[in-house]
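>>> Next comes the sequence, and after it the predicted model I'd like to discuss.
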Amino acid sequence: MRLWCERAILPGATLTRGVLIEINGDTGLIESVSAGAACPADAQVIDGVVLPGCANAHSHAFHRALRGRTHGGLGDFWTWRSQMYQVAARLDPSNYEALATAVFAEMVLAGYTVVGEFHYVHHDGDGRPYGDDAMERAIVTAAARAGIRLTLLDACYLNGGIGVALQEEQRRFCDGSAERWANRVSGLGSMTGPTVRIGSAIHSVRAVDPAACAEVAVFAKRHSMVLHAHVSEQPAENTACLDAYGKSPVAILAEADALSDRFTAVHATHLQPDDVAVLGRHHCVCCFCPTTERDLADGIGPSVDLLDSGAAICIGSDQHGVIDPFEEMRAVELNTRLSTLQRGNHSVPALFEMATMAGYRSLGWHGGALAPYQVADLVVIDDQRSPRFAGSDDESLVASLVFGGTSSDVRDVMVGGKWIVRSRVHQQVDAVAALSEAIGSVIR
Ligand SMILES: [Zn+2]
């Protein structure tokens with residue numbers, strides 16, 4: 001397949017005219033990218049602006065059901081969490097698949113082409129395993145139906161808190177031991193495919209003790225899996241960790257040998273300078289989820305210090321109060337302006353990289369750039385018919401997209417060389433109807 005793009009955003013966030021992209025339909029990879037090329041007779045001509053697809057590196061699909069139902073009142077992360085548990089208790093393989101399909105379809109329409117689903121509802125309501133990995137199959141099937149690339153991050157979750165037994169509503173998150181978690185995840189290999197990978201996760205140092213963290217880290221390395229963990233989202237997590245172990249969550253994970261360039265620290269909000277240095281030294285990725293972190297009054301992570309130390313930053317929509325990669329990417333800069341009283345903390349190319357290449361790396365894929373050997377995941381922005389871009393020129397368009405663009409400006413989306421969204425219509429799922437029905441079935 002050959003696409004001739006009127007304009008495309010090439011590595012370095014440079015807007016380039018007349019770009020020919022050749023895609024291998026069998027592998028779903030980009031074979032070549034030629035700038036300033038003439039348009040061959042057999043090429044599909046793409047008007048608008050073509051950019052690499054965005055990566056949503058942290059998702060809990062079922063949290064989407066809470067949108068609009070938890071944001072208006074008082075309370076904090078912990079009161080939100082108890083509302084979230086009520087929805088988790090109602091999930092079964094059938095409604096989980098339906099809800100995830102609809103949410104993944106919303107993501108693709110918004111310009112996300114890969115998702116990291118941080119998955120911990122893997123047991124039934126009584127805490128028993130589904131013998132046929134039904135909940136994991138539900139997520140994998142949902143991603144295929146919605147046409148999104150998936151890394152299923154299966155999370156180990158053992159305790160209700162540090163030194164705290166599991167609560168009743170947390171039983172379905174728990175395998176009982178890291179060894180049993182590993183045995184179950186070992187069986188998921190058959191679900192991998194051209195657009196599906198299995199990754200691993202430590203839910204948090206609240207839910208997984210240091211010895212079990214080490215077991216998960218060994219398993220992830222042995223199976224060449226990416227490893228994610230929630231890290232220091234809340235000050236209370238740091239306090240509990242210091243009280244119990246005399247160390248920060250990052251220090252616990254470092255001692256467990258969990259940190260590497262295949263490790264992603266999700267949130268990484270309340271870090272001490274030593275934590276930042278350790279994450280940087282191991283070239284970890286940190287996944288910021290700004291729309292969630294501001295909704296839950298979590299705080300603002302040290303994005304500049306992390307990048308300076310050698311870590312990378314990617315983005316995730318986490319609880320899905322908002323599904324919009326442009327909103328997440330600009331928020332990393334705009335939140336930093338509010339906390340530092342300074343502008344220009346992150347350049348436009350740096351923000352663009354957070355939403356694309358860094359997220360693909362976090363999820364274990366070569367993608368997020370219009371370049372050879374990358375997965376053929378791309379998005380087309382309908383800038384000519386959007387009032388948000390009226391008056392932009394080639395110089396200002398990429399910054400307009402990062403600081404003023406929205407998910408509504410996405411017109412077409414390709415994943416693995418296949419068009420999933422054309423002219424703003426999802427080709428496989430009626431997202432609005434699917435969301436309404438799926439959310440209605442879990443909210444009572
Ligand atoms: Zn999360």
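Nice, I can see it.

>>> most centrally placed residue in the chain?
Ala57 (1.8 Å; Cα atoms, centre = their mean).

>>> And the closest residue to Arg172 other than its chain neighbours, how close does it get to Val410?
Excluding the flanking residues, the one nearest Arg172 by Cβ to Cβ, 6 or more residues apart in numbering is His123, at 4.3 Å. No exception for glycine: its C-beta is placed from N, CA and C like everyone else's. Remark: distance between His123 and Val410 (Cβ to Cβ, to the nearest Å) = 36 Å.

>>> Output stretch 4-11 in CSV with nothing but the alpha carbons.
Output of stretch 4-11 as CSV, limited to C-alpha atoms (Å, rounded to 0.1, in the frame of the first residue of the first chain):
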residue,chain,number,x,y,z
TRP,A,4,0.9,10.0,-0.6
CYS,A,5,0.4,12.6,2.2
GLU,A,6,-0.1,16.2,1.3
ARG,A,7,1.5,17.0,4.6
ALA,A,8,3.0,14.7,7.3
ILE,A,9,4.7,15.2,10.7
LEU,A,10,8.0,13.4,10.4
PRO,A,11,10.5,12.6,13.3
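
>>> Identify the residues contacting that stretch?
Outside stretch 4-11, the residues that touch it by Cβ atoms under 8 Å, 6 or more residues apart in numbering are 15-21, 33, 35, 37, 39-40, 43-52, 352, 369-371, 394, 397-398.

>>> returning to that earlier point: surely the residue nearest to Arg172 and Gly176 touch.
No. His123 lies out of contact with Gly176 (Cβ atoms under 8 Å); the separation is 9.4 Å.

>>> follow-up on the earlier one: out of His123 and Val410, which sits in the more crowded spot?
Using other Cβ atoms under 10 Å as the criterion, His123 and Val410 rank with Val410 on top: 26 against 19.

>>> Report the beta-bridge partners for that one.
Val410 has the following beta-bridge partners by DSSP bridges: Ile381.

>>> Check what pLDDT it gets.
We have a pLDDT of 98 for Val410.

>>> for the one 5 residues further on, same thing?
According to the model's per-residue confidence, Val415 sits at a pLDDT of 98.

>>> Just give me the neighbour total for it.
So Val415, with other Cβ under 10 Å, has 26 neighbours.

>>> cool, and Ala236?
Ala236: 14 neighbours (other Cβ under 10 Å).

>>> Now it: which helix or strand?
Per DSSP states H and E, Ala236 falls inside helix 235-245.

>>> hmm, who's touching that helix?
If you take Cβ under 8 Å, 6+ apart as the criterion, helix 235-245 is touched by 78, 161-163, 204-206, 210, 232, 247-249, 252, 270, 299.

>>> now, which of those residues sits nearest Ala311?
Ser232 (13.4 Å; Cβ to Cβ).

>>> any idea how far Ala214 lies from Pro249?
Ala214 is 14 Å from Pro249, by Cβ to Cβ.

>>> what are the ranges of the strands in the stretch 1-150 of the chain?
With DSSP state E, counting those that start in this stretch as the criterion, the stretch 1-150 of the chain has strands at 2-10, 14-24, 29-35, 44-52, 54-59, 112-119, 149-156.

>>> Mean pLDDT and distance to Phe219 for the ones you listed - can I get that in CSV?
Shown next, in CSV, are the strands of the stretch 1-150 of the chain (pLDDT from 0 to 100; distance: least, Cβ to Cβ, whole Å):
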stretch, mean pLDDT, distance to Phe219
strand 2-10, 97, 38
strand 14-24, 97, 33
strand 29-35, 97, 29
strand 44-52, 97, 31
strand 54-59, 98, 21
strand 112-119, 98, 16
strand 149-156, 98, 9
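
>>> Can you pull out the low-pLDDT segments for this protein?
Within the chain, the segments meeting pLDDT under 70 span 74.

>>> switch the cut-off to 80
70-80, 444 (pLDDT under 80).

>>> tell me, which helix in it spans the most residues?
What stands out as the longest helix in the chain, according to DSSP state H, is helix 93-110.

>>> Can I get that one in CSV? Just the C-alpha atoms.
The C-alpha coordinates for helix 93-110 follow below in CSV (Å, rounded to 0.1, in the frame of the first residue of the first chain):
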residue,chain,number,x,y,z
PRO,A,93,-16.3,-11.6,31.1
SER,A,94,-19.3,-10.6,28.9
ASN,A,95,-19.9,-7.1,30.1
TYR,A,96,-16.1,-6.5,30.5
GLU,A,97,-15.6,-7.3,26.9
ALA,A,98,-18.5,-5.1,25.8
LEU,A,99,-17.3,-2.2,27.9
ALA,A,100,-13.7,-2.5,26.8
THR,A,101,-14.7,-2.8,23.1
ALA,A,102,-16.6,0.4,23.4
VAL,A,103,-13.9,2.3,25.3
PHE,A,104,-11.2,1.1,22.9
ALA,A,105,-13.3,2.3,20.0
GLU,A,106,-13.6,5.7,21.6
MET,A,107,-9.8,5.7,22.0
VAL,A,108,-9.2,4.9,18.3
LEU,A,109,-11.7,7.7,17.3
ALA,A,110,-9.6,10.1,19.4
